[in-house]
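Peer 1: build me a model:
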Amino acid sequence: MTTAVLTPGGSARVTTERALKAAAGFWFATVVTGQALFLAYILAVYAPTSLSGNFAAWNENKMLIKGYVPGDTVGNLAFAAHVLMAAVVTFGGTLQFLPQIRARAPAVHRWIGRAFMTTAMAASVVGLWMTWGRPTDSGLPAAIAITLDAALILAFGGLAWRTAVARDVTAHRRWAMRTFMAANGVWFLRLGMATYGMTYVATGKVLPRPGVVFDVWSFGAYLVPLLVLELYLRAKAGGGPVMRASATGAVVLGALLMGVGIFGTWVGMFGPVLANVLAKL
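Peer 2: This is a model prediction of the structure:
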């Protein structure tokens, strides 16, 4: 039998490791809450209208950049497919974070992963077509940001698939997490703009206009989460106490900002639209 002796350095390492793990748990709980609300919104609003062909009902969401367009059959079908695939990405991607599924039902984990990767990559291709073949008023910076995001999704997804086939579990998990972050770029975009919108109003509109910030955050919506993820992965893989403390702070801050954005999007967008749809049932 051995007795573990905690030196000051060892104590700091244990403390920062526990803090990083707790921060990751907090982040995951926040994501699950937000994704569950987003999934409920998609299934309640877009699934029935898309499957029934009542595409005109999409435009009840006044914040939708470009939904139903009369006469644009191909574009409308592409939008419907894109939104429904978003439900698969939302649900499947979140489930992949659960260690219980990986440990107790590896076959389920693999099939969910395949569905998630396939759908995320397909949705990115459809998103590219909608961006350049069905232009909106979002502007060129947003179109370029979407294109870069789609390229990252395809690249990360391909690497995640390749490392899974090679049974390199550690590398596979890293690439799968990067795919999740990139695939949820639009979700992070909404949360970020909702957070900024509330801040903009609360500060008396002295900050730059949301339209200006939108162009910048169109890129930051996936690049910032990817940056935080890289910091987390490096800290978890063997970083020192300072790196782990920095990663913990970044993850907690990200979770808090996500929480504000989730509240803002639900109160300002998803909730009212969903209430209107349910009232007509």
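Peer 1: so what's Ala87 up against?
Peer 2: Counting by Cβ atoms under 8 Å, 6 or more residues apart in numbering, Ala87 makes contact with 39, 42-43, 46-47. To be clear about C-beta, it is placed using only N, CA and C from the backbone, and glycine gets the same treatment.
Peer 1: please repeat the previous calculation with a cut-off of 7 Å.
Peer 2: Contacts for Ala87 (Cβ atoms under 7 Å, 6 or more residues apart in numbering) come out as 39, 42-43.
Peer 1: repeat that for Thr199.
Peer 2: Under the criterion of Cβ under 7 Å, 6+ apart, the contact partners of Thr199 comprise Leu207.
Peer 1: now it: how far from Gly261?
Peer 2: In this structure, Thr199 and Gly261 are separated by 11 Å, where distance is defined by Cβ to Cβ, to the nearest Å.
Peer 1: ok, now Ala22?
Peer 2: According to Cβ to Cβ, Ala22 and Gly261 sit 21 Å apart.
Peer 1: neighbour count: those two, which is higher?
Peer 2: For Ala22 versus Gly261, the count of surrounding residues by other Cβ atoms under 10 Å is larger for Gly261: 24 against 13.
Peer 1: which non-adjacent residue is nearest that one?
Peer 2: For Gly261, the nearest residue in space outside its immediate sequence neighbours is Leu191; the separation is 2.8 Å by Cβ to Cβ, 6 or more residues apart in numbering.
Peer 1: so for the helix or strand hosting that neighbour, mean pLDDT?
Peer 2: When elements are defined using DSSP states H and E, Leu191 is found to belong to helix 185-202. Helix 185-202 shows a mean pLDDT of 92.
Peer 1: what's the angle from the next helix or strand after that helix to helix 185-202?
Peer 2: For helix 185-202, the following helix or strand on the C-terminal side (DSSP H and E) is helix 210-238. When axes from the mean of the first three to the mean of the last three Cα atoms, to 10 degrees is applied, the directions of helix 210-238 and helix 185-202 differ by 120 degrees.
Peer 1: next, the buried residues of helix 210-238.
Peer 2: Neighbour-count burial for helix 210-238, counted by 16 or more other Cβ atoms under 10 Å, picks out 210, 213-214, 217-226, 228-229, 231-232, 235.
Peer 1: where along the chain do the helices fall?
Peer 2: Assigned by DSSP state H, the chain shows helices spanning 8-41, 47-52, 73-95, 99-104, 106-133, 140-165, 169-183, 185-202, 210-238, 241-265, 271-279.
Peer 1: ok, back up a step: ok, now which ones touch the residue nearest to Gly261?
Peer 2: Contacts here follow Cβ under 7 Å, 6+ apart; on that basis Leu191 touches 258, 261-262, 265.
Peer 1: tabulate those (TSV), appending distance to Leu148 and pLDDT.
Peer 2: Putting the contacts of Leu191 into TSV (distance: Cβ to Cβ, whole Å; pLDDT from 0 to 100) gives the following:
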residue	distance to Leu148	pLDDT
Met258	22	95
Gly261	21	95
Ile262	25	94
Thr265	23	90
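Peer 1: go through the helices of the chain and find the least confident stretch.
Peer 2: Comparing mean pLDDT across these, the lowest value falls on helix 47-52: a mean of 68.
Peer 1: going through the contacts of Leu191, which ones are buried?
Peer 2: 258, 261-262, 265.
Peer 1: identify, from those, the entry nearest to Ala81.
Peer 2: Comparing the buried ones among the contacts of Leu191 against Ala81 with Cβ to Cβ picks out Thr265 as the nearest, at 22.6 Å.
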